[in-house]
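In: Turn this into a structure:
(chains A, B, C and D, ligands or ions: 5)
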Amino acid sequence: MSATTQQPSRRPSVGDLLARLFGGGSGTVFALLIVVFAWIFIVNPSFAEPPSLMAFLKQAAPLMILAIGQYFVIVSGEFDLSVGSLVGAQVVIAAALIDGEEGRTVPVILLMLGFGILVGLVNGLVTTLLKVQSFITTLGMMLVLYGAIRLWTGGAPTGALSEAFRQPGRGGIDMAVVRQLPWALMILLGIVIVAVAVMRSSYGRTLMATGDNERAAGFAGVRVWRVRTLAFVASSVMATLAAILIGGYAGVTAQVGQGLEFTAITAVVLGGVVLGGGKGSVIAAMAGALTLEALFVLFNQLSLPSTIRPAVQGVIIIAAVAYAARERARPRHHQEVPTQPQPATQS
Amino acid sequence: MSSDVVSPATTLLRMSGIEKSFLGVQVLHGVDLDLRAGEVHALIGENGAGKSTLMKILAGVYQADGGTVELDGQSVRFEHPLQAQQAGVSTVFQEFNLLPERTVAENVFLGREPRRNRLVDAGRMNADTQALLTDLGLTWLRPETRVRSLSVAGQQIVEIVKALSYDARIISMDEPTAALADEEVELLYRLIATLKQRGVAILYVSHRLKEIFDLSDRVTILKDGALVDTVATADITSDELVRKMVGRPISSFFPDKVPGTEPGDVRLEIRQGGNEQVDGIDLTVRGGEIVALAGLQGSGRTEIAHALFGVDRFTRGEVLLDGRPVTLRSPRQAVRSGLALVTEDRKGEGLVLNQSVAANARLVLDAVLPRRAAQGARRIPGILNSLELVSRGSSQEVRFLSGGNQQKVVLAKWLATEPKVIVLDEPTRGIDVGAKERVYTLMRELSAQGVAILMISSELPEVIGMADRVVVLRDGRIAGQLTGGPGDIGEETVMALATGHDAATNGEQS
Amino acid sequence: TDEPADTAAPDESAAAEDPGAEGEEEPEQETADGEFFVRADFERQLAQRDIEPEGDPATPWLQAIEPEYVDTAEFAQDGNTLCFSNASVSNPWRVTGWITMQQQVEVLQQQGLIGEFRVSDAADDDNQQISDIQAFIDAGDCNAIIISPSTTATLTPAVEAACASGVPVIVFDRGVNTDCMVTFIHPIGGYAYGADAAEFLVDNLEPGSTVLALRILPGVDVLENRWAAAQEIFADSELEVLGDEFTGGDGAEIKNIVTQYLQRGEVDGIWMDAGDGAVAAIEAFEDTGNDYPVMAGEDELSFMRKWQETGMTAVAPVYSNFQWRTPILAATMIWAGEQVPSEWVLPQDEITEAERDDYLERNADMPALHYAKFGGEDLPGFPAAWQDR
Amino acid sequence: MSRAVAVAGSTRTARRRLGATELVWLALAGVVVIGAILVAVDGHNLFSTANTRDMLTRSSLLGFVAIGQTLVILCRSLDLSVGYVMALCSLIAATTMNGDPARVPLAIGAVLVVAALIGLTNGLIISVLKVNPFIATLGVGLIIKGYLDTEYQGPAGDVPSSFQQFGYSRIGPVPLSTIVMLAVAVAGILFLRKTRTGYHMFAVGGSEDVSRLSGIRTGRVIVTAHVLCAVAAGLAGLLLAARFGTGSALVYDSGYDLDSIAAVVLGGTLLMGGRGGIGGTIAGVLILAVLDTVFNILEVDPFFKDVLRGVIIVAAVAIYARRQIDRKASRVRFGGDGGSGGSAPPGPPPPDSAPGDPVPAGSTGGTK
Ligand SMILES: Nc1ncnc2c1ncn2[C@@H]1O[C@H](COP(=O)(O)OP(=O)(O)OP(=O)(O)O)[C@@H](O)[C@H]1O
Ligand SMILES: Nc1ncnc2c1ncn2[C@@H]1O[C@H](COP(=O)(O)OP(=O)(O)OP(=O)(O)O)[C@@H](O)[C@H]1O
Ligand SMILES: O[C@@H]1[C@@H](O)[C@H](O)OC[C@H]1O
Ligand SMILES: [Mg+2]
Ligand SMILES: [Mg+2]
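Out: Numbers count the residues shown, from 1 in each chain, chains lettered A, B, ... in the order given. Ligands and ions are numbered 1, 2, ... in the order given. From the prediction side, this is the model:
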């Protein structure tokens, strides 16, 4: 994003070239992404065939969308831990309300969007107006959604999704070469374009500024509470869209959505976006999500025993983030740059 | 404090050939500096000359890429500030360096809390701090006070106290007076005098030439990270000093009005404005007029600016712009109605440090006038040029700019909104003579264009040199007003009003 | 406080959980930590599948396989406050059972056989459940305590404490490493479940075909037993197990994993340790244009319906959900001083293609995540209670 | 006007004296009272030995974790790996003891060492590799998870009954585990109030840069906090082993990581570090425990419990935040403790410029 692009200042390496393209501290993720893909292709060349890639992108789309939403919140200096249970809640809501009736699909989707916006508003306003650190606000929201939904459905999802509802996540345009061009992919592209546009817009710049220095933003006339609240709304809306894709992709299960918040945050940070705000690009955040998904595929292709995968994942995440941190830490700029980004607002 | 007096001649510290680069950009080119016991050694140079960097190398914050540091002839290398402190070097940093949530005592003894059998002895810590404060005549400061509740000035004093408490042989002070008004500056003068007595060597950075000549025995001039010269202060005039520092002579410090600048209609008027911190504020500023708001620390000047700009509120009285009453509840509304506020705390309130010059310069437009942002932004390069901004391109992050250049970015940000009324709070705090001159010229140009300027400043020369009228604040109220324009107002008169000494002040009361 | 009795209960998980004790008796079995295979139990369970249970087939929840009745006269009483410490209702199987249990309670409350029914739910937190049980003991006014342990080994001390308090204790579903309770109610068990599924694949797949195993999560003994049995059976078959993957029971995860395996090569059979999300697995085949696999799911309706609709070769192993009725009935029997089996092994028959349509017929109005063998058709609340929860 | 301010100032002072911790304990009192009433209405007695016992038991486990979590949060850090550490330690304890009372000390030793090493790893990744604590500890957690899932397919090991006492025996109504937990809490409080490292935790949490410039080895402080946090989690693991009679990996799913953070914040410690303390945390833990017990007695639906918990946590923090806000607003320019230091000019201010002195110029100021 232009807002954070640095001027070339040392002998450019691959990382730097990418960093210059995609924003500070993000070089690592693109390098990692390339490595992971290369490795997958070596292990299993057939993965490079268009149909497989399409299938992969279809799988990856929801997490990438969640990462975009989480990016808005994180770059503004906040956190959204509620997206996982929101995705779960939305899928269950869809099943319960549609209950197999094709006709209800559109109204219910609209209602879901409404609900998403509401959740985002609550997260945002409680955080900005009541000055509750977003970590706690959204942790609370996570509990509330988790409980409320199960309270409503008696513990396990009821009803059923309509065929129409499942299309966006499952279907696509059948065509030669790629076999199927998934709707999910097209929706993702749409969202990406919007997201990039937003970050280049005045709003995007004020969002960045708010995450960087709330007080200075305020003095410059930024309505901090509004900017941040909108970020939370964006996050919840993205979670809703992700829910529509996930529900469409795999239907209703009791566990849907669980733990997605951590995966999404990890993805964003992997993308070189700094927790605490004011740094990083939305493209890189998505790349982070894509890298994670690719990593899971690689594990599978290597038929790594599924029990040790978390361990490997942990090591890779730490290593990547540490490396990115080192990149950013040059120059050691102890005065101006806090070496430890914060999960909460400076209130 | 140590009482053993060292004979003035002995050289305590010798830094030679110090090199330092950041981001592959060299900011110190083989600088030499030596400190003698009992001397005040001034270090001057433009913003970005490398003064703070040199100090931070001495303090163990940064490590030099090249060159040597010798203490008492022993070569030393400080990898961590702790080592510097243990070697008897203490520092008052340019940046705010206290913990707001902790007490004065906890801050002063941070890192060296006194202990009795391995446990921190809070009682003794407070006692020692109290002793120190009394010793320095700072009876109004209490060890148990939370730093957060101190004013900017109070906090700066605590930082100085902290540096003194190390009982160090070398104390470097990086613009210790930037946030201080003359009263506190005098206090500092007294402190420095006693320290000299005790043979402490003092490295002193300031942009205020007056202090350089008042205090220092020798002065070292840096330019663009290179050593220009080290001379005995007695052997040099301020003009020579400025020339060495800036590389060109600076004609008259305060530029004259642009011919034909005439006070126009009243643009800004505050009637009986008041709130928790200020009261009974009557103030008018006309287009093309420069009004200065003078007063001691905490007298309420910034508060007026904040209340005016909608950061705080006036709970009483009214504000009129171009004769029309307005209620400004937020900076946004203020900007919309043609106000601009250059805040006193550049890093905390003025800039988003991790963002580019461009992003900072267009921030207000983006925030308040998104529709006009794109086209407004086109003016920015022009503005930055006219301010002679020195940067590595508009995509450079502002945190890498020096103080003066950062201030120029802040100014550009506000000029881009083409304000009718501009409030400048400590506009030249911590910026070098060159930049200062640029700011003054800019102010003149603006008022020539009919902009109404309200300038808050703690530097009396600047108040007197620039203002058409001076409004003096005391304890949150207007103590009086002095008219007569640049040059005609005496510093004493202002101080008298500000402090309330000599009630029979001769300030005209129109 | 209370010594945990080192006597291993004769139920599979108990044995597995107490390798030391078992080890002495059966030298051939592995005693390594967390090894979930005890041949003796495996063989016993496989045998139990063919034993005709005692009791009326119309009420399978009252049937028992090779029961050894214990006298409960000592517990006979008029008090009828029933306390139930539930591990959780964190998955559809447990939700279904929980509804059935409540319906059963209602009936007996109407008959005046049960007074207060006091419940605490530990949300899958072992420590929480220990406190819950302790609270029941301390309250002192429970006339019987039913416990559905969240983890076999960890709940043992708490259950022993409950027994020590003199209240009749009933344990069901997952076991504990003690036989201090009056009765331990459970279907045949995890080995049988896993074996039913595995044997079906072995029988219906060509030698040399490939099988993918989908598991919910590691470390839950009931589930580990299922997999242990399957491994045992696959081991001496011609089938090639491509891998076993943990899915957290999340449909999206299941679909991802299956898709990736299909993308790597042929998958002829799917083995699952629990049916939640089976449909997602099947869809993975559809979406990638592969032929349907031979499949072992569970008697969960969404799977059975998909099975019917696609006509694929499949079986629905059953971990008898109707067992949730039995503890309630057992409590009233105990209060009445009637004998109950010390280990009450309920029948556990998988649903084959032959019976499938019949079961779907019966459960036509039931929601997707409902279990066919929930055994509540005769309860007054049926069907509403299970439909709108 | 300034006199008015002075008054206002002093009342604020009074309010400020009642610090965050006291407020939390008040909140606890409130919860207990309300809970007791609700329970009474339902025909039970919240303070019956049984229920008291229950509340205390429920508090001890979370107590250990939260005490540790407090230390890292004070340092502006965070530990999301505690759940995994607890699980691992319960297994190490149980498998090491393996039913043999003689091996108990060995097991305890092993647990503490392993926990400390994990804490060390967390601390070093954060302070040396400069990885954000959220990611660092999440990552380390995942690594431990991988190990647990691979090594243990379920509960393992056997805790001798002698050590199970730690989980089950009581002194009067007070469980032994609670007593130990409170002892650890007291130790923690002393550590924070009385040792330099304790002081430096507040400092590093307040500002790592300022601390460093003041000569504090900030890295060491952060590492220490993480080691202690992990050790506290290790103690929780020991308690689990004692209560389970064996070790269990599945504990990591029980959400102790987020619960402990919630308890700490509920206890009035700032998530951004630099302010708070263990005293408040204990109150926070007790609040959650009381809620649990009350919910249980009232047989609140398990899912409704989650809803209530979420709401209560957020509401509580919102209330603390309120205080923060008028705290800021209450920066007094004149009078009040400290305020004076702030704005009075250095040196004794001349008597005639004392606050409240009518300033003649004031009225004549302005232009009309
Ligand atoms: N940590 C850093 N990273 C990158 N560049 C830096 C860093 N610190 C200083 N610089 C650059 O080094 C040069 C010297 O900065 P320094 O702060 O020493 O100047 P200064 O003389 O103190 O200026 P001022 O009078 O404004 O304080 C400036 O160009 C500044 O932008
Ligand atoms: N004692 C105090 N504690 C905290 N904040 C204060 C205090 N006094 C003033 N402030 C705030 O700090 C800013 C500066 O205060 P004020 O306007 O009184 O000082 P000033 O007269 O502008 O002098 P200076 O700005 O040089 O400190 C204002 O925003 C004010 O609200
Ligand atoms: O709760 C478990 C359920 O999830 C599984 O399907 O069957 C065994 C039960 O113990
Ligand atoms: Mg400097
Ligand atoms: Mg000011």
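In: for the chain, which spans come out with low pLDDT?
Out: Since you didn't name a chain, this refers to chain A. For chain A, applying pLDDT under 70 flags the ranges A:1-26, A:329-347.
In: that's the wrong chain, I wanted chain B
Out: Those would be B:1-9, B:248-252, B:485, B:487, B:501-510, if you go by pLDDT under 70 across chain B.
In: near chain C, which residues of it?
Out: Taking Cβ under 8 Å from any Cβ of the partner chain as the contact definition, chain B does not meet chain C anywhere. All C-beta spots, glycine's among them, are computed from the backbone N, C-alpha and C.
In: According to the record, where do the domains of chain B fall?
Out: In terms of domains, chain B is parsed into B:11-251, B:253-499 (source: the TED database).
In: residues near the residue of the stretch 251-400 of chain B found nearest ligand 2, how many?
Out: Residue of the stretch 251-400 of chain B nearest ligand 2, by Cβ to the nearest ligand atom: B:Thr302 (2.9 Å). By the criterion of other Cβ atoms under 10 Å in any protein chain shown, B:Thr302 has 25 neighbours.
In: Tell me the spacing between the residue of the stretch 101-250 of chain D found nearest ligand 4 and chain B.
Out: Residue nearest to ligand 4 within the stretch 101-250 of chain D (Cβ to the ion): D:Leu213, separated by 14.1 Å. Relative to chain B, D:Leu213 is positioned 5 Å away (criterion: Cβ to the nearest Cβ, to the nearest Å).
In: Would you mind listing the residues in contact with that residue?
Out: By Cβ atoms under 8 Å, 6 or more residues apart in numbering or on different chains, the residues touching D:Leu213 are A:His334, B:Ala59, B:Val61, B:Pro81, B:Thr91, B:Phe93, B:Asn97.
In: go again using 10 Å as the cut-off
Out: Listed by Cβ atoms under 10 Å, 6 or more residues apart in numbering or on different chains, the contact set of D:Leu213 reads A:334-335, B:56, B:59-61, B:81-82, B:85, B:91, B:93, B:95, B:97, B:110-111, D:207.
In: Can you report phi and psi for C:Phe117?
Out: phi -120, psi 100 (degrees, to the nearest 10).
In: Give me the neighbour count for A:Ile42.
Out: 10.
In: what do you get for the one 4 residues further on?
Out: When neighbours are counted by other Cβ under 10 Å, A:Ser46 registers 11.
In: so of the contacts of D:Leu213, which ones are in strands?
Out: B:Thr91 (DSSP state E).
In: Of the domains of chain B, which stretch is the most buried?
Out: With neighbours defined as mean count of other Cβ atoms under 10 Å in any protein chain shown, those peak in mean count at domain B:253-499, which reaches a mean of 21.
In: quick one: it near ligand 4?
Out: No - contact of domain B:253-499 with ligand 4 (Cβ under 5 Å from the ion) is absent, the minimum separation being 6.3 Å.
In: next one: stretch B:47-56
Out: Yes - using Cβ under 5 Å from the ion, we find that stretch B:47-56 touches ligand 4 at B:Ser52.
In: so how far is that stretch from its chain's centroid?
Out: 15 Å (Cα atoms, centre = their mean, to the nearest Å).
In: does the closest residue to B:Arg112 other than its chain neighbours sit in a helix, a strand or a coil?
Out: Nearest-residue entry for B:Arg112: D:Gly215, 7.2 Å, with adjacent residues in sequence omitted and distances by Cβ to Cβ, 6 or more residues apart in numbering or on different chains. At D:Gly215 the chain is in coil, as set by DSSP: H, G, I helix; E, B strand; the rest coil.
In: element containing the closest residue to B:Val390 other than its chain neighbours?
Out: The shortest distance from B:Val390 to any non-neighbouring residue, by Cβ to Cβ, 6+ apart, is to B:Asn405 (5.4 Å). Taking DSSP states H and E as the criterion, B:Asn405 maps to helix B:403-415.
In: Which neighbouring elements make contact with that helix?
Out: helix A:214-219, strand B:339-342, helix B:357-361, helix B:363-368, helix B:370-386, strand B:421-425, helix B:433-448 (3 or more Cβ pairs under 10 Å, 6 or more residues apart in numbering or on different chains; DSSP states H and E).
In: which is the next helix or strand following the lowest-mean-pLDDT helix or strand in chain C?
Out: The weakest-scoring helix or strand in chain C, judged by mean pLDDT, DSSP states H and E, is helix C:19-25 (a mean of 36). Going down the chain from helix C:19-25, the next helix or strand is helix C:39-48, by DSSP H and E.
In: Now that next one: average pLDDT?
Out: For helix C:39-48, the mean pLDDT works out to 94.
In: And that helix, what's buried?
Out: C:Asp41, C:Phe42, C:Arg44, C:Gln45, C:Leu46, C:Gln48 (16 or more other Cβ atoms under 10 Å in any protein chain shown).
In: thinking again about what came up before, ok, the residue nearest to B:Arg112 touching B:Gly60?
Out: Yes - contact criterion Cβ atoms under 10 Å: D:Gly215 and B:Gly60 qualify, at 8.7 Å.
In: what is in contact with those two at once?
Out: B:His80, B:Pro81, B:Leu82, B:Gln83, B:Ala84, B:Gln85, B:Gln86.
In: Pull the contacting residues for the first one.
Out: Spelled out, it's B:His80. Here B:His80 is in contact with B:Ala59, B:Gly60, B:Val61, B:Gln63, B:Gln86, D:Arg212, D:Gly215, D:Ile216, D:Arg217, D:Thr218, D:Gly219 (criterion: Cβ under 10 Å, 6+ apart).
In: how about the nearest residue to the last one, chain neighbours excluded?
Out: Same thing as D:Gly219. Per Cβ to Cβ, 6+ apart, closest to D:Gly219 is D:Ser127, 3.8 Å.
In: Equivalent analysis for the third one, please.
Out: Taking Cβ to Cβ, 6+ apart as the measure, B:Val61 lies nearest to B:Pro81, with 5.9 Å between them; neighbours along the chain are not counted.
In: residues contacting the one you found?
Out: A:334, B:56, B:59-61, B:89-91, B:93, B:111, D:211-217.
In: the helices in the stretch 101-250 of chain C, which residues?
Out: C:126-139, C:152-164, C:190-204, C:221-235 (DSSP state H, counting those that start in this stretch).
In: want to try a markdown table for those helices, with mean pLDDT, distance to A:Phe41 and mean neighbour count as columns?
Out: Listed next are the helices of the stretch 101-250 of chain C as a markdown table, based on pLDDT from 0 to 100; distance: least, Cβ to Cβ, whole Å; neighbours: other Cβ atoms under 10 Å in any protein chain shown:
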| stretch | mean pLDDT | distance to A:Phe41 | mean neighbour count |
| --- | --- | --- | --- |
| helix C:126-139 | 92 | 45 | 24 |
| helix C:152-164 | 93 | 45 | 26 |
| helix C:190-204 | 96 | 32 | 25 |
| helix C:221-235 | 92 | 32 | 23 |
